[in-house]
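> below are the sequence and a predicted model for it; my questions follow.
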Amino acid sequence: MRKPIIAGNWKMYKTVGDSVATALALKPLVANANHCEVVIAPVFTALKSVADRLEGSNIKVSAQDCAPVAEEGAQTGEVAAFMLRDVGASYVIVGHSERRQFYGETDQIIAQKVQAALGAGLQVILCVGESLDQRNRGIEVQVVAGQLRGCLGGLTASDLDRIIVAYEPIWAIGTGIAATPEQAQEMHGLIRQAFAEKISETGAAHLRILYGGSVKPDNIRGLMSGADIDGVLVGGASLDAGSFAKIVNYNE
Ligand code: PEP
């Protein structure tokens, strides 16, 4: 019912040439992956070149962020969501913890980005997740539920169809310490419940919830066994085509 999504976030890595080379290396390795949607998110500057070279393949392209305003205008340094569509992106990641931590993005700003992205016809991968301190204090569910409400409150049912939630505990991102399959499944179940209670009861059953945080070829199978785990968002291990392909082809 919920087709899994395996998405690679390349963060601020790779030149245009390196991005195209990795995308072309990945293409044949995942050509038979019909069990999931395959998505890669290169840097802004490489989006068009990568999207052009992947046209007609089963790999879709995502941006890593977008402007909080929908229209073009005097917004130095920003890239509008419709401009991302224009260069071939069909998804955008918003609210990544690195944007929240290093660039001061609040739920309010992220909510504006979600609106702008939906308005441009993009699918949104909304990242949520708690810090280690918040987990140690036992408030991880409240934190994530608050982020969901703050970023998605007020959206219509048809908007919610284009929302994907990525649960990315901050303590697991780039640390090599992934959540265990049990920890991830427990949180995904609670996120689905919180989504049903606070956002949309009918939408919750269809919502795809991805796990992110130190996903590797050797832990993907366990993570994907969780009933509420509908795919993964992969950082470091997506930079190499061979390693990302192993994650995509976890079912082989
Ligand atoms: C990420 O940044 O979205 C991520 C999950 O990174 P990593 O896989 O490297 O932990």
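It's in.
> which ones are touching the nearest residue to Ala25 once chain neighbours are set aside?
Leaving aside its sequence neighbours, Ala25 sits nearest to Ala241 (C-beta to C-beta, 6 or more residues apart in numbering; 3.7 Å). Placement of C-beta: from N, CA and C, glycine included. Taking C-beta atoms under 8 Å, 6 or more residues apart in numbering, we find Ala241 in contact with Thr22, Ala23, Ala25, Leu26, Leu29.
> now the last one. Nearest residue, chain neighbours left out?
This means Leu29. Ala245 (3.6 Å).
> wait, does the host helix or strand of the one you found contact the ligand?
In the assignment (DSSP states H and E), Ala245 maps to helix 241-248. No - taking C-beta under 6 Å from any ligand atom as the criterion, helix 241-248 and the ligand are apart, separated by no less than 9.8 Å.
> pull out the buried residues from that helix.
Ala241, Phe244, Ala245, Lys246, Ile247, Val248 (16 or more other C-beta atoms under 10 Å).
> including pLDDT and distance to Arg149, could those residues go into CSV?
CSV is the format used below for these (pLDDT from 0 to 100; distance: C-beta to C-beta, whole Å):
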residue, pLDDT, distance to Arg149
Ala241, 98, 38
Phe244, 98, 33
Ala245, 98, 37
Lys246, 98, 36
Ile247, 98, 31
Val248, 98, 32
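> return the member of those nearest to Ile40.
Closest approach to Ile40 among those (C-beta to C-beta): Phe244, at 7.8 Å.
> tally of neighbours for the residue nearest to the closest one when sequence neighbours are not counted?
In space, and not counting its chain neighbours, Phe244 is closest to Ser238: 4.4 Å by C-beta to C-beta, 6+ apart. With neighbours defined by other C-beta atoms under 10 Å, the count for Ser238 comes to 27.
> good, we can wrap up now.
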